[in-house]
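Peer 1: Below are the sequence and a predicted model; questions follow.
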Amino acid sequence: MNTNLENIKWKAEQLVALAKQVGVVLTIETVPSNPLAMGNFEMRVEARPARQLAGNVSSMIMKGGAP
């Protein structure tokens, strides 16, 4: 694998780890551009707050059922 590709992948993995640590969901997707053709795309990055489980739901999960 070439060095640039390895470097980008490593940085992306570090960004994902940081996002998880601070409660953010990170999405990177490819979006087709016109005219539709192989390799004609843009990358779109989105970040949103991670959903939190409600307190009673997480306690039910830990206990294995309803209280």
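Peer 2: Looks like it came in fine. These figures come from a predicted structure and were not determined experimentally.

Peer 1: so where does the residue positioned nearest the centre of the chain fall, helix or strand?
Peer 2: The structure's the chain has its C-alpha centroid closest to L26; by Cα atoms, centre = their mean the separation is 3.3 Å. Element membership for L26, per DSSP states H and E: strand 24-32.

Peer 1: K20 now?
Peer 2: K20 is part of helix 3-21, with elements assigned from DSSP H and E.

Peer 1: Quick check: buried residues in that helix?
Peer 2: A19 (16 or more other Cβ atoms under 10 Å). Where you see a C-beta, it was placed from the backbone N, CA and C, and this is true even at glycine.

Peer 1: re earlier: does the residue nearest to the centre of the chain touch A17 like I think?
Peer 2: No: using Cβ atoms under 8 Å as the test, L26 is too far from A17 to be in contact (10.1 Å).

Peer 1: ok so, going back, which helices and strands does the helix holding K20 pack with?
Peer 2: Contact analysis of helix 3-21 by 3 or more Cβ pairs under 8 Å, 6 or more residues apart in numbering; DSSP states H and E lists strand 24-32 as its packing neighbours.
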